[in-house]
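Enquirer: pasting a predicted model and its sequence here:
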Amino acid sequence: MATSSATAPGAIPAAGSRQAGILLFFAALVAFATFDAGSKQMLMRYPAPFLNIMRYLAVATLALGLLWRHGWPDLRGAPQKPLLILRGLMLATVGTCFMTALIWMPLSEATAIYFTSPLIMVALSPWLLGERVRPVQWAAVAAGFAGMLLIVRPGADLPALGTLLMAVSAVSYAIFQVLTRKLSGKVAGPVQYAYTAFICLIVTALPAPFFLPDPWPDLTDMALIVGLGACSGLAQILLIAAFQRVSAATLAPLNYFQLLLAVAFSTFWFQRPPDGLALTGIAMIMASGVFLALRRAG
């Protein structure tokens, strides 16, 4: 599950190598895609709530490191606290729905539906951000949603519950992105990140005791699960480093590399390649998203 610039603590370009920043961003996308594929593999043996809590333990550990590095900023006195809490709840919803949907959904189609979130954000922006959306942008949004319909069309043999959960995940992440835009420049990046990490940890901890694995993972599987959590944490670190070197507008179109990785993992790892119509839908979502990202960057 990608988190893009929205979860990078303070996505503010700084002096540094542009090329290094782009490479770091690609490395983060590889780490996110590997986490998603590895999680789907582990879901064949272990409950989704258990894997989720393990993931956010790693993310919360990273948040503690960031707070320490920035001198332990005051979380209780942070401005815009209701929006910070809502933002964290949205990402917790994303993580819960995404992980649960992967139990049934093919990785490529699930990731493609998730990547409609930038299109949803554009569609919501006139009402939630007061931004004007031009006709050409609406056309791109419509094309992207048409692509999603090709993926979830009748006869596509996708589970209804998994598809619904992925749609909820995409909408929740779009709202998360809108809230990030609202908080930009008002709340320090490490504070935003910590709020999100700790809220996700709390929310995913609530169902975890009722879904403990039976049998408990052996040493090999536990090492793999911990490694997946570390992979997610590493992806966050790489994102932070990338956004310190390169602007978010420059990196946004590159996000769809992760969707290509999801198609590759689904095809070669899980032996579940998308069919021709689904591939067409994925291409339409990618083209629409890249167009909107380039339009915003310009």
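Expert: Ah, there it is.
Enquirer: low-confidence stretches in the protein?
Expert: In the predicted model, the chain carries pLDDT under 70 at residues 1-16, 155-156, 297-298.
Enquirer: in it, which spans are helices?
Expert: Secondary structure of the chain (DSSP state H): helices at 18-42, 48-69, 81-101, 107-114, 117-128, 135-152, 160-183, 189-205, 219-245, 248-251, 257-268, 276-297.
Enquirer: what residues sit buried inside the second one?
Expert: Neighbour-count burial for helix 48-69, with 16 or more other C-beta atoms under 10 Å as criterion, is recorded at 48-60, 62-63, 66-67. Any C-beta I mention is one placed from the backbone N, CA and C, and that applies to glycine too.
Enquirer: packing partners for it?
Expert: Using 3 or more C-beta pairs under 8 Å, 6 or more residues apart in numbering; DSSP states H and E, the elements in contact with helix 48-69 are helix 18-42, helix 81-101, helix 189-205, helix 219-245.
Enquirer: kindly recompute the last result at 6 Å.
Expert: Packing contacts for helix 48-69, counted by 3 or more C-beta pairs under 6 Å, 6 or more residues apart in numbering; DSSP states H and E, involve helix 81-101, helix 189-205, helix 219-245.
Enquirer: for the longest one, what is the distance to the chain centroid?
Expert: This means helix 219-245. 13 Å (C-alpha atoms, centre = their mean, to the nearest Å).
Enquirer: same question, stretch 274-286
Expert: Put simply, stretch 274-286 sits 20 Å off its chain's centre (C-alpha atoms, centre = their mean).
Enquirer: can you tell me what sits against it?
Expert: With contacts defined as C-beta atoms under 6 Å, 6 or more residues apart in numbering, stretch 274-286 is touched by 108, 109, 112, 115, 143, 144, 147, 150, 151, 256, 259.
Enquirer: identify the farthest-apart pair in the residues you listed.
Expert: Of all pairs drawn from the contacts of stretch 274-286, the one with the largest separation by C-beta to C-beta is 108 and 143; the distance is 19.1 Å.
Enquirer: who's more crowded, these two?
Expert: Taking neighbours as other C-beta atoms under 10 Å, residue 108 and residue 143 compare with residue 108 leading, 25 against 15.
Enquirer: so who does that one touch?
Expert: If you count contacts by C-beta under 6 Å, 6+ apart, residue 108 has them with 262, 263, 266, 274.
Enquirer: just among those residues, which is most surrounded?
Expert: Busiest of those [other C-beta under 10 Å] is residue 262, holding 27 neighbours.
Enquirer: TSV please, covering the helices and strands packed on helix 48-69 and showing mean neighbour count and distance to residue 171.
Expert: Below are the helices and strands packed on helix 48-69 laid out as TSV (neighbours: other C-beta atoms under 10 Å; distance: least, C-beta to C-beta, whole Å):
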stretch	mean neighbour count	distance to residue 171
helix 81-101	21	9
helix 189-205	22	17
helix 219-245	19	22
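Enquirer: out of the ones you listed, nearest to residue 125?
Expert: For these, distance to residue 125 was read as C-beta to C-beta. The smallest value, 15.7 Å, belongs to helix 81-101.
Enquirer: which outside residues touch the closest one?
Expert: The set of residues that contact helix 81-101 without belonging to it, under C-beta under 6 Å, 6+ apart, is 1, 48, 52, 110, 162, 165-166, 168-169, 172-173, 175-176, 179, 183, 195-196, 199-200, 203.
Enquirer: now for the nearest residue to residue 171 once chain neighbours are set aside, how many residues are close by?
Expert: If the residues on either side of it in the chain are set aside, residue 171 comes closest to residue 120, at 5.8 Å by C-beta to C-beta, 6 or more residues apart in numbering. Applying the criterion other C-beta under 10 Å, we find 21 residues in the vicinity of residue 120.
Enquirer: one more: residue 70?
Expert: For residue 70, the neighbour count with other C-beta under 10 Å is 15.
Enquirer: hmm, residue 189 and it touching each other?
Expert: No. In this structure, residue 70 sits apart from residue 189 without contact. The criterion is C-beta atoms under 6 Å, and the distance is 8.8 Å.
Enquirer: circling back: with respect to residue 30, which of the contacts of stretch 274-286 is nearest?
Expert: Nearest to residue 30 among the contacts of stretch 274-286: residue 259, at 12.6 Å, using C-beta to C-beta.
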